[in-house]
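[1] Kindly return the folded structure for what I paste below:
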Amino acid sequence: MKVSTQFLAACAIAFTTTALATPSMSKRIIDGSKVLGCFASVFMKGEEAWTPECATAATTDLGITQEAGFDDLTLDFTKPDLTLSSSVSVKLASLPGISLPVKKFSGHFAIIDGGVAIAKLTAPSTSAKVKGRILKFTLGTTALKTIPGQEDGISKFIETLVIQPSHTFTIAGNADVTIKIPGIPLLGGVSSLVSPSASSKTLTATNVGFSSPITLRGVKGFWVKYLSQKHFTRDSKSGITTLVYTANFHNPSQVNMRLGDTKYNVLNAKGELVGVINIPNLYLAMGDNVVTATTTFTNPDAYNALTTKSNAFTVVGFKDTVKNSILAKAMVGIKFQMTIPQIVAA
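    Now for the predicted structure:
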């Protein structure tokens, strides 16, 4: 770990001064007496005074990161391992008199749902920018690995995102944060402590403890609107009717989802299975998605019904809706209505 002695001394004096002058400061910072003592020791004795105990105290009493959120989360179910990617926003701790110009961020985290760790991910080291107290960086495509024994847990987590209006879970772990620290004059420029012209230093704080709840809008409220006919045929021998059309799939969630090839059962007003919808390589971005779908109607009356009036159908997921085993359990809960207007046969 790289630790700037000048920076630690600055922190010690700044925190001590502010804690005495501002009784209303959050308990988390005021109670960090162990951390303040470590800062003072480092100033007097040098960097070797930053012991493992000091690092532990800094992790628990003085976390640099406070909360986080996914700005444009994408879940990809088409690969052997479920992957995610997103821009990430992290709220940093407010440090009196000290700015945190974070330049790099990395970490190892767990997804905790219902108090149980169900999956883990690694955020590789990446460049970061800070505006105010908000740190932003991009989490590239990263595998979300299921923790052994939590296969049902991760499936339930995905299912909740799919069928509920929102879901809150926790992301927790340890981060490595690299901060560029300029030379800092203390208390009006006490040059015997830190020269105003002191060169910049780099502090890499490792294993910074982090835990934050995250709430995402789910897919509930998902709707499909039939847009236009492309092809409409009936096989005279089998009696199978095939309709190819465009439809708007509206995804109200905060999650982009790459689902791969999908298929859904089509039920009539009596709840009877009358056909199957196939959509290849389905990618549901947040908001509206115009896709091409093919519905194969197996009931012999479908052609006449479709060409004489408008028809309302219930579309449901089932165990083979997608190939991904984790997502398949969640997709069983998918259910939406779709109305097909009267078809004009060519």
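
[2] what about the closest residue in space to N207 that isn't next to it in sequence, neighbour count?
    The shortest distance from N207 to any non-neighbouring residue, by Cβ to Cβ, 6 or more residues apart in numbering, is to N174 (4.5 Å). In short, each C-beta sits where N, CA and C put it, glycine included. Other residues lying near N174 total 14 when counted by other Cβ atoms under 10 Å.

[3] now H231
    Each residue near H231 was counted by other Cβ under 10 Å, and the total is 10.

[4] for the one 5 residues further on, same thing?
    Per other Cβ under 10 Å, the neighbour tally for S236 reads 7.

[5] cool, and L259?
    Counted with other Cβ under 10 Å, the neighbours of L259 add up to 20.

[6] Now do the same contact list for it.
    Residues counted as contacts of L259 (Cβ atoms under 8 Å, 6 or more residues apart in numbering) are 77-78, 282-284, 322, 324, 327.

[7] can you do 6 Å?
    77, 282, 322 (Cβ atoms under 6 Å, 6 or more residues apart in numbering).

[8] What segments of the stretch 201-346 of the chain are strands?
    Along the stretch 201-346 of the chain, the stretches classed as strands by DSSP state E, counting those that start in this stretch are 201-217, 223-234, 241-251, 255-267, 273-284, 287-297, 311-316, 335-340.

[9] Figure out which of these is closest to A305.
    strand 311-316 (5.8 Å; Cβ to Cβ).

[10] residues of that closest one that come out buried?
    311, 313, 315-316 (16 or more other Cβ atoms under 10 Å).

[11] got these as TSV, with distance to P213 columns?
    Converted to TSV, the buried residues of strand 311-316 look like this (distance: Cβ to Cβ, whole Å):
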residue	distance to P213
N311	44
F313	39
V315	33
V316	32
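
[12] May I ask which two of these are separated the most?
    N311 and V316 (16.1 Å).

[13] I'd assumed T242 was in contact with T233.
    Yes. In this structure T233 lies within contact range of T242 using Cβ atoms under 6 Å: 5.2 Å.

[14] Of those two, which one has the most company?
    More neighbours surround T242 than the other of T233 and T242, with 16 against 13 (other Cβ under 10 Å).

[15] So what pairs up with the more buried one in the strands?
    Beta-bridge partners recorded for T242 (DSSP bridges): T233, T296.

[16] one step back: going by distance to K270, which of the buried residues of strand 311-316 wins?
    Set against K270, the nearest of the buried residues of strand 311-316 by Cβ to Cβ is F313 (11.2 Å).

[17] circling back: what helix or strand does the residue nearest to N207 sit in?
    N174 is part of strand 166-181 when elements are defined by DSSP states H and E.

[18] Ranking helices and strands of the chain by mean pLDDT, which lands last?
    Taking mean pLDDT, DSSP states H and E as the measure, the helix or strand of the chain with the lowest value is helix 27-30, at a mean of 35.

[19] could the contacts of L259 go into JSON lines alongside pLDDT, distance to D288 and neighbour count?
    Below are the contacts of L259 laid out as JSON lines (pLDDT from 0 to 100; distance: Cβ to Cβ, whole Å; neighbours: other Cβ atoms under 10 Å):
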{"residue": "F77", "pLDDT": "95", "distance to D288": "21", "neighbour count": "23"}
{"residue": "L282", "pLDDT": "95", "distance to D288": "14", "neighbour count": "20"}
{"residue": "V322", "pLDDT": "94", "distance to D288": "21", "neighbour count": "22"}
